[in-house]
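> Predicted model and sequence follow; I will ask about them next.
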Amino acid sequence: MKRGPYPAGPEGESRGDLQDEAFEDEEVRDEKEGSPEYPFGPPPAEEEGTGARLARAVGRGPLHAVIIGISILWMIPALGLLVSSFRERQAITRTGWWRAFTTPTEFTIQNYQDVLTGQGMGTAFINSVIITVPATILTVMVAALAAYAFAWMPLPGRNWWFLLVVALMVVPIQLTLIPVLRLFADLGLTGTYWGIWLAHAAYGLPLGVFLLRNFFVALPKDLLESAFLEGASHTTAFFRIVLPLSVPSLAALGIFQFLWVWNDLLIALVYLGGTRDVAPMTVVISNLVSSFGTEWHLLTAAAFVSVILPLAIFFALQRYFVQGLLAGAVKG
Amino acid sequence: MARVFYENVYKRWKETVAVKDFTLEIADKEFLVLVGPSGSGKSTALRLLAGLDSISDGKIYIGDRVINDVAPKDRDIAMVFQTYALYPHMSVHDNVGFGLRLRKMPKDQIHEKVVQAAQVLGIEPLLDRKPGQLSGGQRQRVALARAIVREPEVFLLDEPLSNLDAKLRVQTRAEISKLHQRLGTTFIYVTHDQVEAMTMATQIAVMNFGVIQQVGTPQFLYDHPTNIFVAGFIGSPSMNFFEVTVTGDADQVRLVDDNGLSLPVPAEKRRALESYRDKKIVFGIRPEDIHDPNFVPPETEVAPFDAEVEVTELMGNEVFLHLAHGETKFLARVDPRTVAKQGIKMELMVSMDNMHVFDFESEQRIFTPEEEGKVELDRSVEEEPAEEQVARRQSEVPQDQADQD
C-alpha cells in the first residue's frame, strides 16, 4: 500500500481568517478572476477587429432598444413639466405642452422670475442649501469614522454594536418625532439649523454606517496591515489609505443623503417650523400647492428650481459610481 | 544583529490551535523558509512575528528583546505580502516612501532612499506610475523595494511568488536569493511550495498541523526526513512508500510484502532494524533511486523489484514511469534511454543505499543519521556562517529540481 504522497503541489493558501465578511468578498472576487473565458491568466489585450465589434453591437441591439425605450418613456412626463414651466399661464390652460413647439414665441421665463422673487423660492433655495450641505457632510464624516471603527478597530463586541446600529434602520422616523422634539426643546435646538443638521445626521447614520462599513471591510486586509507595519496609526490609515480608496462609496452615500435631505419635508417642518426665513424649498412648494393649486405655470417652475441642484450634483459625482479606484491594489 | 527566537509559542483561535508549541531559533543573516501545506500554521507563525495576530502563549524575541507587546511598527521588520498590498492611489515613489514619510524623514532624504531602493530592484523608470499600470512582476519588485527601503532587521515574506507565472517565479526566486546575499539581513519566507524552500533556504522548517516537523538545511531534510510527512513533502516528485515486513536473521535482513517484494537490507543498516524483526514498517524510496537495470549508476547497491508500467512520461532528460506494484502505485524517474511500454511488466533496480524506513505506528524515521554512516548532521551545519551556506546551497541543489514548477 502506498502512503502518501502528501500534497506538495501548488494550492491556494487559506488563512484561519476570522474576518468572515472580508473573506467572502475576496472569494467572490476570486471567482470573477477565474472566469471561464480565461481560466489561465489575464484576458488577452482588447484588440478586436471592427467586424467583431460591429457584430457584438448588433447582437446587443434588442437590449439597447428596450433600454432606450424605457428611458424615453420615463423622461416624457419630466420633459412635459420642463416645457410647461416655460409657458404662459393661458397657454398651459389652453393647449397641451406638446403643442408648445408649434408656437415658439409663447416661451417665457416670467414664471421663474415670479417664483424666485414673488413666492420666496430664492430664499428657500438658499435655506435648502444651508440645511442640506452641512447635514450631508456631517453624516458622511461621522458615518465614515464609525464605519472604520466597526471594520478595522479591534473592539469587544464590535459586531454586536454594528448589528445594533443597523437595527436602528427599521425604526420609523415618525416614532421619534415627539421625543426628539422634546429633547430639542430642552436643549434649545428647535427652530435652529443646528437642530435640523443633527436630526438629519442622526436619521441618516444607520444606513451610512452600514453602507460604508461593508465597503471598508471589503478593502484588502493586506493593505491596512502593510500600513500598520510601516508605522501607520489608525488615524493615518483612515485618512491616507481608507478614505482615498473609498471615494466611490463616500460619493454614493453623499448623493443618497443629499437627495434625502433636499427632498425632505417632514423633518424640516417639525424641527425647523414653516416660517419663511428658514423654510426650505419643499415647505415653500407644498405651500404653493395648497394656495395656488391651479397655477401650473408657477408649480412647474418651482419644481424645476428644486431639482436643478440635485441634478448638477448627480452628474458631477456619477463617475465615481463606475470608476474602479481599487485597480492595482492587489494582483487581479 | 537580528536573531529571531520563538519560545514555546502558541496561537489559538477559540477552539482550534493554529500554532502549537512552536520553538525555533533563526540565526542572524539566515534565510529561513517555513514550508508546509495549506492550513499548517506557517503564515500564522509569520504573522505572530509581524504582530498582525496576537500571541496566545509563549515568547518571541527579536535580538534580545521580547516583542510580544511591542507594536508592529516598532518591531523593526518589513513584510512582503502575497498580494503585494500596494497602495493603489499612490505613485510607486510614494508607495516605497510611505513608511519613511510616516517616520517624519525630510523629503529630500526620502527621495534619495527611494531612488536607491528602486535602483537595487531595477524599478527606477517606474517611480511615477501607479500600481495599476504595472505588471505582476513589477508590482512584486515595488513591494520588495518598499520592504528594503526602511532597512529593517528582519524581512518577512509571505508567499511572495505565488501570484507570479511559472517563468517569472523561477526568475524572481533567484533575485530574492541575490537580495538576501546583498543585504545580509535575516529573511523569513513562508511558502507551500517545497521547490522554493529547497532552492532558496539556508534553513528549512517544515510545518504540519501547527507543529514544526523538522528543521535543517535543504540537503539534510532531503537526505534524512524525520518522518513520513517530511519525506513525502520535501522532494518533487515525492517519495514512494511501501508497507513491508522485516524478516530474516542477523546475516540476512530482508523487507518483504505480500506481492513478492523481497529486498535485502545493506549490512550497515541491519542493526537499526533488529528490533523490528517480523514487524511492519514503512519503506520509502525516492523516484530517482529506482533505476532501469541497464542504466544503474556505478557503485550502487541495488535490489530487484518487479512492477507493471501504467504510464510513461518522457521529459527529455529523464523518463517518469508510473508503476503499479500490487495495489500500490508509485513513480520512478529513470534514464531517458529506458525502453518501457505501457502494460508491460518490468524489473527495476532499487538503490538500497538511499532507502528510508519509518515506524509503522509513529511514522517516525527509524535510522538515525549516524547509523546510516552519514556524517553531516543538523547541529554541525548550524555553526556554519550563513553566507557560506548560501554559496554552497546553490551548487547543491540539482538543476532539474529547480525547473520543476
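Done, it's in. Numbering: from 1, shown residues only, chains lettered A, B, ... in the order given.
> So which bits of stretch B:314-327 are buried?
The neighbour-count criterion (16 or more other CB atoms under 10 Å in any protein chain shown) identifies B:318-323, B:325-326 as the buried residues of stretch B:314-327. Using the backbone N, CA and C atoms, a C-beta is placed for each residue, glycine as well.
> now these in JSON lines, with pLDDT?
What follows is the buried residues of stretch B:314-327, written out as JSON lines (pLDDT from 0 to 100):
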{"residue": "B:E318", "pLDDT": "88"}
{"residue": "B:V319", "pLDDT": "89"}
{"residue": "B:F320", "pLDDT": "91"}
{"residue": "B:L321", "pLDDT": "90"}
{"residue": "B:H322", "pLDDT": "92"}
{"residue": "B:L323", "pLDDT": "90"}
{"residue": "B:H325", "pLDDT": "85"}
{"residue": "B:G326", "pLDDT": "81"}
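> ok, which stretches of the stretch 251-400 of chain B are helices?
When secondary structure is read from DSSP state H, counting those that start in this stretch, the stretch 251-400 of chain B shows helices at B:270-273, B:378-383, B:386-396, B:399-403.
> any bit of stretch B:314-329 sitting next to chain A?
Yes: among the residues of stretch B:314-329, B:327-329 lie within reach of chain A under CB under 8 Å from any CB of the partner chain.
> centre of the chain versus that stretch, how much separation?
Relative to the chain's own centre, stretch B:314-329 is displaced by 24 Å; criterion: CA atoms, centre = their mean, to the nearest Å.
> I would like the residues contacting that stretch, please.
Residues lying outside stretch B:314-329 but in contact with it, judged by CB atoms under 8 Å, 6 or more residues apart in numbering or on different chains, are A:1-2, B:237, B:240, B:242, B:257-259, B:261, B:287, B:305-313, B:330-336, B:338, B:340, B:348, B:400.
> and the buried residues of stretch B:314-327, which two are the farthest apart?
With distance counted by CB to CB, no two of the buried residues of stretch B:314-327 lie farther apart than B:E318 and B:G326, which are 25.2 Å apart.
> nearest to chain A, of the residues of stretch B:314-329 next to chain A?
The shortest approach to chain A among the residues of stretch B:314-329 next to chain A belongs to B:T328, at 4.4 Å (CB to the nearest CB).
> number of nearby residues for that closest one?
Using other CB atoms under 10 Å in any protein chain shown, the number of residues around B:T328 comes to 18.
> A:L82 and A:A303 touch, don't they?
No: using CB atoms under 8 Å, A:L82 and A:A303 do not qualify as a contacting pair, with a distance of 9.2 Å.
> what's the following helix or strand after the strand or helix carrying A:S84?
Using DSSP states H and E, the secondary-structure element containing A:S84 is helix A:61-85. Next along the chain after helix A:61-85, taking DSSP H and E as the criterion, comes helix A:89-94.
> what packs against the following helix or strand past that following helix?
In the C-terminal direction, the helix or strand that comes right after helix A:89-94 (DSSP H and E) is helix A:110-113. Counting contacts by 3 or more CB pairs under 8 Å, 6 or more residues apart in numbering or on different chains; DSSP states H and E, the secondary-structure elements packed against helix A:110-113 are helix A:296-322.
> how far is the helix it packs on from where the chain is centred?
Taking the mean of its C-alpha atoms, helix A:296-322 sits 14 Å from the chain's own mean (CA atoms, centre = their mean).
> and what of stretch B:214-229?
Mean-position distance between stretch B:214-229 and its chain equals 9 Å (CA atoms, centre = their mean).
> Span of that stretch from start to end?
The first and last residues of stretch B:214-229 sit 10 Å apart, counting by CA to CA, to the nearest Å.
> near chain A at all, it?
Yes: with CB under 8 Å from any CB as the threshold, stretch B:214-229 lies in contact with chain A, specifically through B:228-229.
> Could you list every helix and strand that the longest helix anywhere in chain A packs against?
As far as residue count goes, and with DSSP state H defining each element, the longest helix of chain A is helix A:121-152. Contacting helix A:121-152 under the criterion 3+ CB pairs under 8 Å, 6+ apart are the following elements: helix A:158-167, helix A:193-217, helix A:247-262, helix A:281-291, helix A:296-322.
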